[in-house]
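Undergrad: Quick one: sequence plus predicted model below, questions after.
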Amino acid sequence: SVVCASSMPGLLWIGKERANRLAGPDLQFLAIGPLKAAAQPEALVEAGVTHVVNAGAFKYPRSPAVAYLDLPVVDDETEDLSAHFPGANAFLAAAAASAG
């Protein structure tokens with residue numbers, strides 16, 4: 001999964017992939033979507049996506065207009081995701097501060 005930051009209002013479609021926006025007034029700029037969405041660099045830019053958090057650090061085509069944070073995690077219930085919270089929070093705070 002990927003987390004995208006976008007300043008565009010409404011549903012967030014990245015190419016043919018839908019990213020689901022988070023609820024809450026301070027979270028509307030965040031959306032969670034599939035890897036297929038993140039792998040479409042031109043569609044990301046067209047959708048107004050400025051930042052992508054890549055959980056799993058998968059390799060895919062990227063846009064120089066989008067900032068990426070790769071989290072080298074494994075999809076396993078024993079994975080300690082909390083070790084990545086400070087970096088991800090700082091990255092997303094920077095996205096929010098840049099209005100996207």
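TA: On my side now, so go ahead.
Undergrad: Can you mark which positions in the lengthiest helix in the chain are buried?
TA: For the chain, the longest helix by residue count, based on DSSP state H, is helix 85-97. Using 16 or more other C-beta atoms under 10 Å as the test for burial, helix 85-97 gives 91-92, 95. All C-beta atoms are positioned from the backbone trio N, CA, C, and that covers glycine.
Undergrad: okay, and for the protein, where does confidence drop off?
TA: Applying pLDDT under 70 to the chain flags the ranges 1-11, 23, 28, 99-100.
Undergrad: In it, spot the strand with the most residues.
TA: Longest strand of the chain, by residue count under DSSP state E: strand 49-55.
Undergrad: which other helices and strands contact that one?
TA: Here strand 49-55 touches strand 2-6, strand 67-71, helix 85-97, going by 3 or more C-beta pairs under 8 Å, 6 or more residues apart in numbering; DSSP states H and E.
Undergrad: Run the chain-centre distance for that strand.
TA: For strand 49-55, the separation from the chain centroid amounts to 3 Å (computed by C-alpha atoms, centre = their mean, to the nearest Å).
Undergrad: What pairs with that strand, parallel or antiparallel?
TA: strand 2-6 (antiparallel), strand 67-71 (parallel) (DSSP bridges).
Undergrad: pretty sure residue 51 contacts residue 95?
TA: Yes - counting by C-beta atoms under 8 Å, residue 51 does reach residue 95; the two are 4.0 Å apart.
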